[in-house]
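coordinates for the following, if possible.
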Amino acid sequence: MNTMTLSETTAIATAAASSSTCAAGQERRLVALSLLRPSSRNVRRSGGTSIPELAASIARVGLLHNLAVVQNVDGERFDVVAGRRRLAALKLLVKRRKLAKDFEVPCLLVPDGAARTVSLTENVQRESMHPADQFEAFAALVAEGHPVEDIAADFGVSPLVVQRRLKLANVSPRLLADYRVDAVTLDQLMALAITDDPAAQEAAFYDSPDWQRSPDALREHLTQDELSAAGDALARFVGLDAYEAAGGALRRDLFSDEQQGAYLTDPALLDRLARDKLADTAEQVRGEGWAWIDVVPRATYAELHVFQRARRERRQPTKAEAKRIAKLEAEQQALQDRLDDEEADVSDEDAQGLQDQLDALGDQIDAINQSLTTYAPEVLAQAGAVVAVDHAGAVVVHRGLLRGEQAQKLRERVKGEGGATGGDAEVGAAEPPKASLSEKLVRRLSAHRTAALQAEVARHPQIALVLLVHHLARRVICNGYEGSPINISATSHVDGLVTHAPDIVEAPAALGLRAVCEAWAGRLPDDSAAMFEVLLAMPQTDLIALLAVCVASTVGAIQSRETEAPASLLARALDLDMHVWWTPTAAGYFEHVSKAKALEAVAVFAPDQVTRLSKLKKGDLASEAERLAAGSGWLPAMLCAPSASERSDAASSANASSADEDGEAGQE
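Model prediction:
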């Protein structure tokens with residue numbers, strides 16, 4: 001215990017009541033708690049919160065301030081005109097049997113006519129301490145040797161609250177000084193407190209333009225080389241307990257919940273632990289007879305796009321299997337007929353139960369169908385499998401993968417055997433043509449890709465500068481165009497994207513760039529001459545940040561065909577990952593493709609559901625495909641990052657294609 005007891009503070013109050021002087025008409029006295037009641041003349045109408053915390057503090061530290069009271073008309077009781085929260089806290093202590101009902105409370109008896117004046121004076125003529133003072137006071141208590149648990153008990157709060165105050169007290173003195181004058185917000189301060197390095201805190205805040213000082217942006221800046229325990233798939237797969245048991249370091253954000261606020265600082269260790277955890281699965285898959293097995297914890301669909309996929313053979317079901325399938329399908333049909341019967345009296349709860357039964361039957365049929373599909377021996381001799389972790393943190397095995405040379409060997413072998421396998425093992429060009437995307441959908445998807453490119457360019461001033469200089473150098477240095485020294489026209493492509501994708505207005509990339517543009521619009525005057533003066537005085541970092549936003553707005557990469565790849569060099573320079581900016585939904589994708597194309601996608605992220613979904617109407621299929629795609633990381637091929645071979649081709653033809661890249665910034 002690091003404070004006086006309640007009895008000690010009461011004794012002091014008693015002595016004060018007998019010795020201190022009061023204003024005319026006022027009298028200090030001790031009044032039994034049972035005789036005190038709230039007064040309607042107390043001017044404070046709101047508040048009255050944190051009573052349990054105040055009660056805990058009074059129990060530990062004592063009642064530090066007397067109550068202001070007037071004599072009740074009954075001549076026995078007293079009405080409290082100032083100190084309603086203290087009175088409520090004292091009564092709570094009585095209820096908890098920590099105080100006696102007749103506990104004597106230090107009070108200041110004031111004249112009845114001065115009741116409202118006294119109540120108003122107590123509430124108006126006082127100044128609350130600044131939160132920064134509170135942070136530093138908590139730190140001073142710890143420096144004096146008071147345990148965190150005792151401090152928490154003294155103030156009726158949890159130890160976590162105390163630890164948070166101490167964390168804020170540890171923020172850079174320069175930032176705390178700016179917080180005192182409202183140049184830094186409390187939310188920003190909490191984000192910066194994720195690191196104990198004052199220099200890093202100051203760099204993250206003062207070296208960033210105003211529009212990149214949101215709490216999320218500051219937190220991301222300080223943890224950019226670390227992995228979020230909540231957002232990283234491998235972190236969820238391995239688990240924080242296993243990571244820490246292996247010696248992995250964690251940075252914890254005290255101002256977030258335990259899962260959301262943890263950051264892993266050793267990505268290499270996490271990758272090794274994931275590989276170790278995947279080893280058993282890899283051995284099981286190896287037992288299936290594949291030519292090769294790779295364990296790649298973070299394999300993305302874009303990386304897997306470099307492989308060709310061998311098709312599986314479907315064997316005829318045995319009599320028992322055929323009988324089982326027929327029985328399940330008959331049960332399915334009976335349930336479906338009952339759901340479709342408009343005259344049947346089926347409640348919503350019963351309908352949901354029937355649907356659940358239908359889904360369970362469908363799962364059983366899918367499981368049997370999956371067991372009927374196998375890979376031909378010649379495919380197993382050439383193809384392999386990749387064991388990975390999907391975006392949801394679950395194990396996923398990609399089977400039947402063929403590298404380019406393996407696919408060629410398999411085709412030659414099948415051809416040399418005169419097609420003895422019936423074509424089931426054919427790959428590559430032998431596959432039937434897949435359904436393609438409509439021009440309208442291609443434009444819609446490329447509008448989202450363009451918005452993502454714009455958002456990424458705005459976040460990367462260096463790339464924006466390269467893009468602009470590249471445009472100028474091509475025009476001025478290489479081609480020798482003559483004319484005005486400054487002859488650049490720039491057209492914003494931001495607003496035009498909505499004509500191709502109506503849902504772009506709610507897309508994260510578009511919302512982010514729009515907010516940034518509005519922030520800059522608020523900083524710049526409308527008058528051209530005044531703007532020039534503002535730009536002359538602007539720090540170079542802010543000027544470059546503004547340049548990035550302007551260049552980003554001119555990026556245009558709308559395409560009409562899937563095979564086009566506008567702005568590919570820019571996308572690669574930005575390391576564009578459309579997983580961050582786009583999610584497959586029914587309205588955004590599946591409703592706009594044929595049923596065959598939708599099932600083709602489902603075969604990638606939920607292959608065991610293809611048979612069930614193929615029996616649905618298109619609208620239902622689209623909705624179910626959206627549900628299954630959630631968290632899978634699947635993207636249409638045109639939104640995937642270029643494969644290794646495509647990157648190699650792009651590098652070898654960079655000079656030939658550079659003229660086309662000039663148009664990516666939408667400048668003339």
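
any stretches of the stretch 551-668 of the chain with poor pLDDT?
Residue ranges of the stretch 551-668 of the chain with pLDDT under 70: 641-668.

now do the stretch 301-450 of the chain
Ranges of the stretch 301-450 of the chain meeting pLDDT under 70: 301-302, 342, 404-436.

can you pull out the strands in it?
Applying DSSP state E, counting those that start in this stretch to the stretch 301-450 of the chain gives strands spanning 308-309, 313-314, 373-374, 384-389, 395-402.

in this protein, which residue is closest to the centre?
For the chain, G231 is the residue whose C-alpha lies nearest the centre (C-alpha atoms, centre = their mean; 6.8 Å).

and that residue, what helix or strand is that in?
In this assignment (DSSP states H and E), G231 forms part of neither any helix nor any strand.

so it versus L264, what's the distance?
From G231 across to L264, the span is 11 Å (C-beta to C-beta, to the nearest Å). C-beta: built from backbone N, CA, C; applies to glycine.

and if you look at H305?
H305 is 28 Å from L264, by C-beta to C-beta.

so for those two, which residue has more residues nearby?
Between H305 and L264, counting by other C-beta atoms under 10 Å, L264 is the more crowded of the two (23 against 17).

residues contacting the nearest residue to the more buried one once chain neighbours are set aside?
Closest residue to L264 apart from its sequence neighbours, by C-beta to C-beta, 6 or more residues apart in numbering: L227 at 4.4 Å. Residues near L227 by C-beta atoms under 8 Å, 6 or more residues apart in numbering: 234-235, 263-264, 267, 270.

in those residues, find the pair that's most separated.
Taking C-beta to C-beta as the measure, the contacts of L227 span a maximum distance of 13.3 Å, between L234 and Y263.

where exactly do the strands run in the chain?
27-32, 36-38, 67-71, 78-82, 104-109, 227-228, 250-252, 262-264, 292-295, 308-309, 313-314, 373-374, 384-389, 395-402 (DSSP state E).

wait, which of those is closest to L189?
Once the strands of the chain are compared by C-beta to C-beta, strand 250-252 is nearest, at 16.9 Å.

can you spell out which helices and strands pack onto that closest one?
helix 240-245, strand 262-264 (3 or more C-beta pairs under 8 Å, 6 or more residues apart in numbering; DSSP states H and E).

ranking these by burial, who's on top?
strand 262-264 (a mean of 22; mean count of other C-beta atoms under 10 Å).

rewinding a little: identify whichever of the helices and strands packed on strand 250-252 lies nearest to R219.
strand 262-264 (9.2 Å).

partners of that closest one in the sheet?
Taking DSSP bridges as the criterion, strand 262-264 pairs within the sheet with strand 227-228 (antiparallel), strand 250-252 (antiparallel).

could you pull out the helices for the stretch 351-500 of the chain?
Here the stretch 351-500 of the chain has its helices, by DSSP state H, counting those that start in this stretch, at 377-382, 404-416, 439-459, 461-472.

just the stretch 101-250 of the chain next, same as before
115-124, 131-143, 148-154, 159-169, 173-180, 186-192, 198-206, 215-222, 233-238, 240-245.

doesn't A552 make contact with L468?
No: here L468 does not reach A552: they are 10.7 Å apart, not a contact under C-beta atoms under 8 Å.

comparing the two, which residue is more hemmed in?
A552 (27 against 19).

quick one: contacts for the more buried one?
Counting by C-beta under 8 Å, 6+ apart, A552 has contacts 453-458, 464, 513.

rerun at 6 Å
Shown in contact with A552 (C-beta atoms under 6 Å, 6 or more residues apart in numbering): 454, 457-458.

repeat that for Q370.
D608.

that one and R312, how far apart?
10 Å.

and what of L250?
From L250 over to R312 (counting by C-beta to C-beta), the distance is 43 Å.

more neighbours: which of these two?
R312 (18 against 15).

for that one, what are its contacts?
373, 375.

W290 contacts G384, correct?
Yes: W290 lies in contact with G384 (C-beta atoms under 6 Å); the separation is 5.0 Å.

re earlier: which one of the strands paired with strand 262-264 lies closest to S438?
strand 227-228 (37.2 Å).

so A501 sits right up against R449, yeah?
No: using C-beta under 6 Å, A501 makes no contact with R449, being 9.9 Å away.

quick one: end-to-end distance for stretch 183-202.
13 Å (C-alpha to C-alpha, to the nearest Å).

mind listing what's buried in that stretch?
184, 188-195, 201-202 (16 or more other C-beta atoms under 10 Å).

ok so, going back, and of the contacts of L227, the nearest to L33?
Distances from L33 to the contacts of L227, taken by C-beta to C-beta, are shortest for Y263, at 49.9 Å.

what's near enough to touch that closest one?
Contacts of Y263 by C-beta under 6 Å, 6+ apart are 223, 226, 228, 251.
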